[in-house]
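**Student:** Attaching a predicted model along with its sequence, questions to come.
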Amino acid sequence: METSHIRNFSIIAHIDHGKSTLADRLIEYTGALSAREMENQVLDQMELERERGITIKAQAVRLEYAAQNGEAYMLNLIDTPGHVDFTYEVSRSLAACEGALLVVDATQGIEAQTLANVYLALEHDLEIIVVINKIDLPSADPEKVKHEIEEVIGLDTSDAILVSAKTGVGIPEVLEAIVRKIPAPSTNEGEPLRALIFDSHFDSYKGVIAYVRVMDGSIRPGMRVKTMASDKVFEVTDVGVFRPALRNVDELGPGQVGFLAASVKNVKDTRVGDTITDASRPAAQPLTGYRKITPMVFCGLYTVESVDYEALRDALEKLQLNDASLVFEPETSVALGFGFRCGFLGLLHMDVIKERLEREYDLSLITTAPNVIYKVYRTDGQMLQIDNPAHLPSPQEIEHIEEPYVKATVIVPNEFVGAVMELSQEKRGEYRDMKYLDTTRVMLTYHLPLSEIIYDYFDRLKSSTRGYASLDYELTDYQESDLVKLDILLNGDPVDALSVIVHRDRAQYRGRLLVEKLRGIIPRQMFEIPVQAAIGNKVIARETVRAMRKDVLAKCYGGDITRKRKLLEKQKEGKKRMKQVGNVEIPQEAFMAVLKID
Amino acid sequence: MTDLTGIYVHIPFCRQKCFYCDFPSYAGLDSVFDDYAAALRREIDRRSGLLSSCRIDTIYFGGGTPTLLSSHAILSILETLQRRFTVLKDVEISIEANPGTIDKEKLRSLRSAGFNRISFGVQSFSDSVLQSAGRIHTAQQAVQSIREAQAAGFANVSVDLMYGLPGQTQKDVLFSFQQAIRLQISHISVYGLKVEEGTPLEAALHSGRAVLPDEDDELAMYELATRILPENGYFRYEISNYARLGSQSRHNLKYWRYLPYIGFGAAACSFFDNERLTNTPDVMDYIAMVRENRDPAAVRERIEAGTAMAEYAFLALRTVQGICFADFSDRFQVQFESHYAEQIDRLLHQQLICQYPGGIRLTPLGMKFGNLVFAAFLPKKDK
């Protein structure tokens, strides 16, 4: 197909603003799937995605559309995740497109993350089509939302399309606008092949399936291609498109979006962001990649049963094949034994990975409290990057510590401004800016330590604004902070996996809350267990888990041994999720208690 | 099957359910007593064909309250057993009884028919405690029944006593032990109250109508038993059982030593040839099934080796002898010490068990926290 009849686009939307439903409508309208094949939200393939109503992985689909001008177009929709954790996925998707639909809920208005993604799209010079969704709802106020978009983003909304993805109103108009307004891909005739890898997944038969956007030239099976960054050569076995199931084609031409397989065993050889070129006639310059993936949140992952360690490693490796943003390396904890320090894009990403490990690989896991990367300047002039509190040098060796700060953008109805300010202040935030989006909604900007965001800022933000606030943040810089390591001692012994790094002013409070919470979580055992919080050698809080008095089945009725055994089995089952640390059995949730204290 | 085998006969009737009880026993079924006894005889007749090679050295009538049945009914059942099985000469024949459900005459006829051990469910010698537990008898009746049993020639009289009952104090418990000792009882079972789901006691506790002794009190009561009874010649041969020398319950020891037994009656369990059968707990179903020549077993469980070893371990550990390695390896062709090396190490370290030449047993601490020890031997569940 002529490049002039190709359109590549993404959809930008806040969670729940109807992105997936809109995508479904577009697929349905253009007949990429028959109605019978349609399952709601086709693009969210993972079970977890459907359950949580979020998109985690970018997905792509090719639509064939007969436009009103009588001509046939090929529309490539590249789906993007809406959650702040997955901004990098958005950035990848956008790099493969010429345009984007900005979907805004007519009853809600724009949200912080949408804003961030729109800016990202504008940075990529994408043509943006404004779509106001959910106009079927009684509380829809499209005019107000349009005004907000003009005011905040500065986009012209005079030809914004009013849509109800639920009922199908406005869908034809959206498709027409895609054809009319989004530019066709521009290609350089006769140039050697250049294709951008924007995603990948691993197929056990075909190896890595690389999702590509062809910029120049074309790819055919049998071709020898080279990855420009990793400098590897492969022979292409399959090329194809997303309908949305993978379907092989003879060729992917300039401007097209599709996939290629080349018996690549190692996902690292075809890194997302790399450029694929013709091995026999390589391009001179690779395509500009995009923002490198940088994990921001780190935690330790351990198996409850130490024998499952290898299984955890295998599972992490398998997940990494489909999720290049997941990083991990082996670590050892005195309390928990062998495990992995894993880096994630954010808390949701961490949650998702943990849940997938438990569900898809049947592992029983212990997660330690999430951490950011601290820069620790030692008195000897060395700088250490610390992602695990247990590795913090002793206070006398520390000259100073810096922690990562973010620019946090909160959009909230104006009656909650006070609450947000109070919370942000409590979380050591510095006020930067406040802007009225319209008469009722306000955008606040704060400079905040990332550690506070991953601690409980988002939860508390939601609860103190009755769920109305939306949050986006991006890493800005590192700043010096007065930080200390808060250790937890059980039965007199420090449990390294429970240590946290906190601001000195908050240490007392956090320590007290933490030991109280742990007292509630740690089940009574044969002996009394002191639970202490300490900074260095100084104990700042103490609670006691009382000793259990006794635990023994008394009566054995009429030889009913099965019943007795079942009682014991049940009791043992309850212990399965406990980790033996020294003499003390600690339930899994204790390690996460450090994270959430209310 | 040529092992010495025990027989258990379940009589699932009570005059009144005690507030804490969730055993398969029912009040108000007096009208089916005769049918039930007939069904028992029929079940014994029918099943004995397959089991006739067993040699029987213990017979135990449990309940419920077996003595609610008439002497005639009880003796007819015993007679059927003796006719159908090879019963050894020195057989132990026990019956459970509630004070107030048995008189001199019944005691005499049971004794002369061959019953040589009687176990009274006394629970406490304090009237207020008995009353709030929903017991049908007074302390005085208990004393009287025990004396009458002894007079009728029962040399081996046992009582069940409980601690941790609502309103019970350490003083009550001490008094109950002293009474039992004074009455020259030969065997004492001491059970801690466990609040079972769905019992009237649970409801009463929930609504505040009943209050349990606090944990420290309850522990003190437990420790009272472990101290007072041995001081008075009752040695603790199992976690909950104390006896004068030679008066251990041979039948109950079969359970703990993982030996075979055959159960007759509703809810009765049998265990032999690596299989455990459990009859239907419903009395009417049981009667109907036996009458119609249907198999009353509701559950048949094949005990796999891993489970069997675990059961052996947690049962044997209840006794003072604990686990004898030689007996274990005879049974399972597996060395206990190496098979469970990891668990043994840990439990030794926790001081829950101790070693003796050729075996392990619970420490006094282990007796208190028996469940922690028992659970250690359960096989890992497959994923």
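**Tutor:** Thanks, I have the structure now.
**Student:** I'd like the distance between B:Ile303 and chain A.
**Tutor:** 9 Å (CB to the nearest CB, to the nearest Å). (Each C-beta comes from the backbone N, C-alpha and C, glycine too.)
**Student:** Is that residue in contact with B:Met309, as I believe?
**Tutor:** No: using CB atoms under 8 Å, B:Ile303 is not in contact with B:Met309; the gap is 9.6 Å.
**Student:** give me the residue from the stretch 251-400 of chain A nearest chain B.
**Tutor:** A:Asp362 (5.5 Å; CB to the nearest CB).
**Student:** Low-confidence regions, the stretch 451-598 of chain A specifically.
**Tutor:** A:554-558, A:576, A:595-598 (pLDDT under 70).
**Student:** Strands along that one, start to end?
**Tutor:** Taking DSSP state E, counting those that start in this stretch, the strands of the stretch 451-598 of chain A run over residues A:470-481, A:483-490, A:493-494, A:500-503, A:529-535, A:538-545, A:578-581, A:584-587.
**Student:** Figure out how far the last one is from the centre of its chain.
**Tutor:** Looking back up the chat, that one is strand A:584-587. Its chain's C-alpha centre and that of strand A:584-587 lie 30 Å apart, by CA atoms, centre = their mean, to the nearest Å.
**Student:** Partner strands of it and their direction?
**Tutor:** strand A:578-581 (antiparallel) (DSSP bridges).
**Student:** Touching the strand it pairs with from outside, list them.
**Tutor:** The contact list for strand A:578-581, computed with CB atoms under 8 Å, 6 or more residues apart in numbering or on different chains, reads A:302, A:304, A:335-336, A:366, A:490, A:493, A:495, A:523, A:585-588.
**Student:** ok so, going back, want to throw the strands of the stretch 451-598 of chain A into CSV with mean neighbour count?
**Tutor:** Converted to CSV, those look like this (neighbours: other CB atoms under 10 Å in any protein chain shown):
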stretch, mean neighbour count
strand A:470-481, 17
strand A:483-490, 22
strand A:493-494, 16
strand A:500-503, 22
strand A:529-535, 21
strand A:538-545, 16
strand A:578-581, 19
strand A:584-587, 21
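**Student:** okay, those in JSON lines with distance to A:Arg213 next?
**Tutor:** Compiled in JSON lines, the strands of the stretch 451-598 of chain A are given as follows (distance: least, CB to CB, whole Å):
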{"stretch": "strand A:470-481", "distance to A:Arg213": "25"}
{"stretch": "strand A:483-490", "distance to A:Arg213": "44"}
{"stretch": "strand A:493-494", "distance to A:Arg213": "52"}
{"stretch": "strand A:500-503", "distance to A:Arg213": "42"}
{"stretch": "strand A:529-535", "distance to A:Arg213": "52"}
{"stretch": "strand A:538-545", "distance to A:Arg213": "55"}
{"stretch": "strand A:578-581", "distance to A:Arg213": "46"}
{"stretch": "strand A:584-587", "distance to A:Arg213": "47"}
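**Student:** Where do the helices of the stretch 51-200 of chain B begin and end?
**Tutor:** Counting by DSSP state H, counting those that start in this stretch, the stretch 51-200 of chain B has helices at residues B:71-84, B:104-113, B:127-132, B:139-151, B:170-182, B:200-207.
**Student:** What of the stretch 401-550 of chain A?
**Tutor:** A:417-426, A:450-452, A:458-464, A:504-521.
**Student:** which of those helices sits most buried?
**Tutor:** Neighbour counts (mean count of other CB atoms under 10 Å in any protein chain shown) averaged over each of the helices of the stretch 401-550 of chain A peak at helix A:450-452, with a mean of 25.
**Student:** Could you name the helices and strands sitting against that one?
**Tutor:** Counting contacts by 3 or more CB pairs under 8 Å, 6 or more residues apart in numbering or on different chains; DSSP states H and E, helix A:450-452 packs against strand A:398-413.
**Student:** Turn the helices of the stretch 51-200 of chain B into CSV, including mean pLDDT and mean neighbour count.
**Tutor:** Shown next, in CSV, are the helices of the stretch 51-200 of chain B (pLDDT from 0 to 100; neighbours: other CB atoms under 10 Å in any protein chain shown):
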stretch, mean pLDDT, mean neighbour count
helix B:71-84, 96, 18
helix B:104-113, 96, 17
helix B:127-132, 93, 18
helix B:139-151, 97, 19
helix B:170-182, 97, 19
helix B:200-207, 94, 15
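**Student:** To B:Met367, which of those lies closest?
**Tutor:** Nearest to B:Met367, of all the helices of the stretch 51-200 of chain B, is helix B:170-182, at 17.4 Å by CB to CB.
**Student:** quick one, the closest one and helix B:139-151 angle?
**Tutor:** 20 degrees (axes from the mean of the first three to the mean of the last three CA atoms, to 10 degrees).
**Student:** quick check, helix B:170-182 touching chain A?
**Tutor:** No: under the criterion of CB under 8 Å from any CB of the partner chain, chain A is not reached by helix B:170-182; the shortest gap measures 14.1 Å.
**Student:** and for that helix, what are the contacting residues?
**Tutor:** Here helix B:170-182 has contacts from B:122, B:124-126, B:129, B:139, B:143, B:159, B:161, B:163, B:188, B:217, B:220-221, B:224-225, B:228-229, B:232, B:234, using CB under 8 Å, 6+ apart.
**Student:** Give me the buried subset of the residues you listed.
**Tutor:** Buried members of these, counted by 16 or more other CB atoms under 10 Å in any protein chain shown: B:122, B:124-126, B:129, B:139, B:143, B:159, B:161, B:163, B:188, B:217, B:220-221, B:224-225, B:228-229, B:234.
**Student:** Give me the subset of those residues lying in strands.
**Tutor:** B:122, B:159, B:161, B:163, B:188 (DSSP state E).
**Student:** Out of those, flag the one nearest to chain A.
**Tutor:** When those are compared against chain A (criterion: CB to the nearest CB), the nearest one is B:Tyr163, at 9.8 Å.
**Student:** give the contact list for the closest one.
**Tutor:** B:173, B:190-193, B:218, B:221-222, B:224-225.
**Student:** Sketch out the low-pLDDT regions of the chain for me.
**Tutor:** Defaulting to chain A. Those would be A:32-58, A:80-90, A:289-293, A:322, A:324, A:554-558, A:576, A:595-598, if you go by pLDDT under 70 across chain A.
**Student:** Wait, chain B was what I had in mind.
**Tutor:** B:1-2, B:381-383.
**Student:** Now name the helix or strand holding the residue most central in space within it.
**Tutor:** Central residue of chain B (CA atoms, centre = their mean): B:Asn252, 6.1 Å from the mean position. Using DSSP states H and E, B:Asn252 sits within helix B:250-256.
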